[in-house]
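Visitor: Here's a sequence, model it:
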Amino acid sequence: MIARVVSLGSVIVDVVLEVPALPPRGGDVLAVQRGMAVGGAFNVLSAASRLGLPGVYAGPHGTGPFGDLVRATLAREGIEIARVPNPHLDTGSTIAIIEPDAERTFITVTGADGVVAPADLQGIAYRKDDAVYVSGYDLAYPGAGESIARHVASLTAELFVAFDPGPLVADIPRGLLQAILERANAVSLNARESDLLGDIDVEVVVVRQGAGGATINPRGERPIHVDAVRVENAVDTSGAGDVHMGAMLAGLAQGLAWPGAVRLANQAAAFAIARRGPAAGPTVVELEEFRVGE
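Guide: The predicted model follows:
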């Protein structure tokens, strides 16, 4: 039974822009800045925490305005921070570009989140019932990926490793990706990422298919499809996959079997995309109210 989620995935700051359409190469477009919000692995941690699964942030964070925002936001959600800030760099940021159909495109600039040394990970105090969350973003960073992959490969079998390869899956060095896949207990990814990654041998693979729901692929067993929750007006898909991951882990922590945990995750993700801004996972009360309206 999962009792906590410990994130090795990095927390960064999202600068969110709304555009009528993406500009052509060399072109321009007028955008509306929606603001700044803490994102990345925060979306996973907050989604889990709001559904009753405590979280620990064991990733990097920097000194500067973005790092201050990250720490304040984690504290507000009651999420513990396991590491001291990098004294030389601020936390990085992502420009999140949202189109009218709620599709999102990201441009990421790394900071402290792109620098992880082996010594940075040695002091993490895991517990036997922890789920360890790993993001493909961090594996793709040249200054972080190798340290994280070696660390995850060394984790004891009593820890549950959940991996989301993310949109940079094609940029992850093959050896690092393989090291994570050999240790992962569960992989959650969208259909595009699944196509890029191909067949993988993991205990459970969950393929998120947006309005098509999600498909659970247990090793050696038949796939199980879980329908999506219908959303009339999707306004922002930013962080929806992260919310799905956090809610799925919360469901497993509640003792739900995989279909029930993924159904909970589908509901939480549907709640998220119907609201503007990242990190929009529901609380238990909000999710119950949302279910009534389904």
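Visitor: contacts and neighbour counts: CA atoms only from here.
Guide: Noted.
Visitor: so where is the stretch 151-294 of the chain shaky, pLDDT-wise?
Guide: Along the stretch 151-294 of the chain, the model assigns pLDDT under 70 to residues 277-279, 292-294.
Visitor: Can you give the contact residues for stretch 61-80?
Guide: Stretch 61-80 has contacts (C-alpha atoms under 8 Å, 6 or more residues apart in numbering) with 10-13, 38, 42, 45-46, 49, 54-57, 81, 84-93, 111-113.
Visitor: Then stretch 154-174?
Guide: 2, 127-137, 139-140, 180, 183-190, 193, 196-197.
Visitor: cool, and stretch 104-124?
Guide: 10-12, 58-62, 82-83, 86, 88-98, 138, 141-145, 147-148, 151, 236-238.
Visitor: Stretch 266-273 now?
Guide: 213-214, 227-231, 234-238, 240-241, 243-244, 247, 278-282, 287, 290-291.
Visitor: let's see 6 Å
Guide: Under the criterion C-alpha atoms under 6 Å, 6 or more residues apart in numbering, residues A228, V229, A234, V235, D236, T237, A240, V243, H244, A280, G281 lie in contact with stretch 266-273.
Visitor: Looking at those residues, which two lie furthest apart in space?
Guide: A228 and A280 (17.4 Å; C-alpha to C-alpha).
Visitor: Pick out whichever of these two has more residues nearby.
Guide: Neighbours per residue (other C-alpha atoms under 10 Å) separate A228 from A280, with A280 holding more: 25 against 20.
Visitor: ok, now which ones touch that one?
Guide: A272.
Visitor: The stretch 1-150 of the chain: strands as residue ranges?
Guide: Applying DSSP state E, counting those that start in this stretch to the stretch 1-150 of the chain gives strands spanning 4-7, 11-18, 32-40, 55-57, 80-81, 93-98, 104-109, 130-135.
Visitor: would you turn those strands into CSV with distance to Q209?
Guide: As requested, these are arranged in CSV below (distance: least, C-alpha to C-alpha, whole Å):
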stretch, distance to Q209
strand 4-7, 24
strand 11-18, 24
strand 32-40, 20
strand 55-57, 26
strand 80-81, 32
strand 93-98, 19
strand 104-109, 15
strand 130-135, 19
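Visitor: if we can go back for a sec, of the contacts of stretch 104-124, buried ones?
Guide: 10-12, 58-62, 82-83, 86, 89-98, 138, 141, 143-145, 147-148, 151, 236-238 (16 or more other C-alpha atoms under 10 Å).
Visitor: Can you report how many residues lie near V19?
Guide: So V19, with other C-alpha under 10 Å, has 15 neighbours.
Visitor: ah, wrong one, I meant V115
Guide: 20.
Visitor: what separates it from R183, distance-wise?
Guide: 22 Å (C-alpha to C-alpha, to the nearest Å).
Visitor: cool, A119 as well?
Guide: 20 Å.
Visitor: Which parts of stretch 153-171 count as buried, going by neighbours?
Guide: A153, L159, F160, V161, A162, F163, D164, P165, G166, P167, L168, V169.
Visitor: could I get it in CSV with only the CA atoms?
Guide: Below are the C-alpha coordinates for stretch 153-171, written out as CSV (Å, rounded to 0.1, in the frame of the first residue of the first chain):
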residue,chain,number,x,y,z
ALA,A,153,18.1,2.0,-10.6
SER,A,154,19.6,1.5,-7.1
LEU,A,155,16.2,1.9,-5.3
THR,A,156,15.1,-1.2,-3.2
ALA,A,157,12.3,-3.3,-4.4
GLU,A,158,10.0,-2.2,-1.6
LEU,A,159,9.6,1.2,-3.2
PHE,A,160,7.0,1.7,-6.0
VAL,A,161,8.5,3.6,-8.9
ALA,A,162,6.1,5.5,-11.2
PHE,A,163,7.5,7.0,-14.4
ASP,A,164,6.0,9.5,-16.9
PRO,A,165,8.3,9.8,-19.9
GLY,A,166,6.7,13.0,-21.0
PRO,A,167,6.9,14.9,-24.3
LEU,A,168,10.7,14.8,-24.4
VAL,A,169,10.8,11.0,-24.5
ALA,A,170,12.6,11.0,-27.8
ASP,A,171,15.3,13.2,-26.3
